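A structural model of the following input is requested.
(one chain, ligands or ions: 1)
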Amino acid sequence: MPDSPRERNLFFIDQTLSAPKPGRRAPDTDFPPREMRKRLNSPLRREADSDFIERFMGSIFGKLFQISTFGESHGAGIGVVIDGCPAQLPISAETIQAELDRRRPGQSDLSTPRKEGDRVEILSGVYQGLTTGTPIALLVRNTDHRPQAYDKLRDQFRPSHADFTYIAKYGFRNPEGGGRASARETIGRVAAGAVAKQLLAALCPEIAFSCYVESVAEIAMPESDTFFPQALIEAVPVRCPDSAVADKMANRIKSARSNGDSVGGTIRCKIRGVPAGLGEPIFDRLEADLAKAMLSIPATKGFEIGSGFAGTQMSGSQHNDAFEMRDGKIRTVTNRSGGVQGGISNGETVTFRVAFKPTPTIAQKQMSVDASGTPCEVIGHGRHDPCVLPRAVPIVEAMAALVLVDHLLRQTAQRRF
Ligand SMILES: Cc1cc2nc3c(=O)[nH]c(=O)nc-3n(C[C@H](O)[C@H](O)[C@H](O)COP(=O)(O)O)c2cc1C
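Below is the predicted model of the structure:
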């Protein structure tokens, strides 16, 4: 079996497409579609097509530090394969577990009561506590799956979930817990993010994260330049560092739940100590890669860096970040750029915000249609988060760490004269 995710994907596609064995009839389907068949059979395959497949498959993220996630909500398990992590990095299951524990369900009465320990197993790539430089495979087995909770939803399309679009795309889906569209997929990202954070700490020890819930529905913290320490953020289940606002947020989430409803909100992420020079113009600008990483998280609806949309209300003279010399370094007086200029980090704190919508599956009756187009009433049974924000904080951090470590390796690999 090939080692890298890219080669593995080629291998699986080759297996799927290989001619039927003598005596065996080709299946009566139009798979693979004609266009894809033509392309895969073309002599121009190999390198060009491995790029094509990488984009086509959509489960792979990163260029040098590359992750490939797998698994479904109510399947056997969820995990990730990490390719490109340098050898001899100290990694332990405990380090990864600590991050997964921040993401796992059932942490408080603000999240889904699904009882999953989310215990990580390191299957490969680590020997005697050090990475070997070969693919790192991490697995979390699903233990508390109850697919029967989705029996009624098998043919129904939950409003604003992925049921209809998965059918529109594949013509077939795993309806149990949302299948691949479930936020359980993010286990792989958080596990990989823990490895990325460990590598960042080794390469760039100054890097630190301050990531927290800034608003829930209409309840918002006042804007602040403070770099809140993680201990303060983690001290309350809602993960908001302002204790008075945190109480209001928690009550707002509980009241949504008791009404069979859900709420959304925003997460603020500040990353200090990012060295100047990360980001690859033109299409792999640092903020473009961060935006893609954040908008790949389920239930996200917006991304804004630095002054974001508010900057549109200012004039250039108000908005520009003036340069100055501070402690022997070129710095900016203000940071409306959010730490990125021209797609490249400028050494200031990278700061962005991510918007999350209210959880789509709610316990109230909603009108929809089923797969045959017949109108039906949908009620969300099963166990759901009344607000995804508190559990999304470690996911945002993990995705940011993956982007940063990838760009750090790319910058290190770049030849400079
Ligand atoms: C941490 C987290 C937990 C989530 N929990 C639920 C949930 O319990 N029920 C649900 O319907 N959606 C939940 N979602 C959102 C869905 O996964 C998401 O809405 C769905 O995949 C459709 O994708 P979209 O909202 O990006 O269009 C959660 C998302 C995150 C990030």
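
Contact partners for the residue nearest to Lys329 when sequence neighbours are not counted?
Nearest residue to Lys329, sequence neighbours excluded (CB to CB, 6 or more residues apart in numbering): Gly347, at 7.1 Å. Bear in mind the C-beta positions are built from the backbone N, C-alpha and C, glycine included. With contact taken as CB atoms under 8 Å, 6 or more residues apart in numbering, Gly347 is in contact with 274-276, 329-331, 339.

where's Gly347 relative to Val405, distance?
18 Å (CB to CB, to the nearest Å).

circling back: just put the contacts of Gly347 in CSV and tack on secondary structure, neighbour count and distance to the ligand.
Output for those, formatted as CSV (DSSP: H, G, I helix; E, B strand; the rest coil; neighbours: other CB atoms under 10 Å; distance: CB to the nearest ligand atom, whole Å):
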residue, secondary structure, neighbour count, distance to the ligand
Val274, coil, 26, 24
Pro275, coil, 15, 29
Ala276, coil, 16, 31
Lys329, strand, 9, 37
Ile330, strand, 11, 38
Arg331, strand, 17, 35
Gly339, coil, 26, 24
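
Widest-spaced pair of those residues?
Farthest pair in these (CB to CB) is Val274 and Ile330. Separation: 15.0 Å.

residues touching the residue in the stretch 1-150 of the chain that the ligand sits nearest to, list them.
The nearest approach of the stretch 1-150 of the chain to the ligand comes at Thr112, 4.9 Å away (CB to the nearest ligand atom). Counting by CB under 8 Å, 6+ apart, Thr112 makes contact with 105-106, 383-385.

do Ile96 as well
By CB under 8 Å, 6+ apart, the residues touching Ile96 are 120, 122, 138, 191, 194-195.

quick one: Val354 and the ligand, what's the gap?
Between Val354 and the ligand the computed distance is 10 Å (CB to the nearest ligand atom, to the nearest Å).

Strand partners (parallel or antiparallel) of whatever helix or strand that residue lives in?
Element membership for Val354 (DSSP states H and E) is strand 350-356. Strand 350-356 sits in its sheet next to strand 265-272 (antiparallel), strand 300-305 (antiparallel), going by DSSP bridges.

ok, back up a step: show me the contacts of Ile96 that map onto strands.
Mapping the contacts of Ile96 onto strands (DSSP state E) picks out 120, 122, 138.

quick one: which of the residues you listed has the most company?
When the ones in strands among the contacts of Ile96 are compared by neighbour count (other CB atoms under 10 Å), Leu138 ends up highest, at 29 neighbours.

now the nearest residue to it once chain neighbours are set aside: how far from Asp242?
The shortest distance from Leu138 to any non-neighbouring residue, by CB to CB, 6+ apart, is to Ala191 (4.5 Å). Here Ala191 is placed at a distance of 30 Å from Asp242 (CB to CB).

Between the two, which is the more surrounded one?
Shown here are Ala191 and Asp242; by other CB under 10 Å, Ala191 has more neighbours (30 against 20).

how close does that one get to the ligand?
In this view, Ala191 and the ligand are 15 Å apart by CB to the nearest ligand atom.

got it, and Ile344?
The value you get for Ile344 to the ligand, if CB to the nearest ligand atom is used, is 29 Å.

per-residue confidence for the residue most central in space within the chain?
The residue lying closest to the centre of the chain (CA atoms, centre = their mean) is Ile297, at 4.2 Å. pLDDT for Ile297: 98.

hang on, Phe209 packs against Gln230?
Yes: in this structure Phe209 lies within contact range of Gln230 using CB atoms under 8 Å: 6.9 Å.

okay, the two: which has more neighbours?
The residue with more neighbours, out of Phe209 and Gln230, is Phe209; 24 against 17, by other CB under 10 Å.

residues in contact with that one?
If you count contacts by CB under 8 Å, 6+ apart, Phe209 has them with 230, 269-271, 397, 400-401.

The same query, at a cut-off of 6 Å, please.
The contact partners of Phe209, by CB atoms under 6 Å, 6 or more residues apart in numbering, come to 271, 397.

Now name the helix or strand holding it.
Remark: Phe209 resides in strand 208-216, with elements defined by DSSP H and E.

Following the chain past that strand, name the next helix or strand.
Taking DSSP H and E, what comes next after strand 208-216 is strand 219-220.

For the helix ranked longest in the chain, buried residues please.
The residue-count maximum for a helix in the chain (DSSP state H) belongs to helix 389-413. Neighbour counts over helix 389-413 (16 or more other CB atoms under 10 Å) mark 389-411 as buried.

Repeat that for stretch 197-216.
Neighbour counts over stretch 197-216 (16+ other CB under 10 Å) mark 197-200, 203, 207-216 as buried.

The ligand: which of these is nearest?
Val213 (11.8 Å).

Let me know the pLDDT of the closest one.
Turning to Val213, the model gives it a pLDDT of 98.

Which residues does it form beta bridges with?
Ile267.

Would you confirm that it contacts Arg239?
Yes: at 5.0 Å, Val213 and Arg239 qualify as touching, with contact defined as CB atoms under 6 Å.

Pull up the overlap in contacts between those two.
Counting by CB under 6 Å, 6+ apart, no residue touches both Val213 and Arg239.
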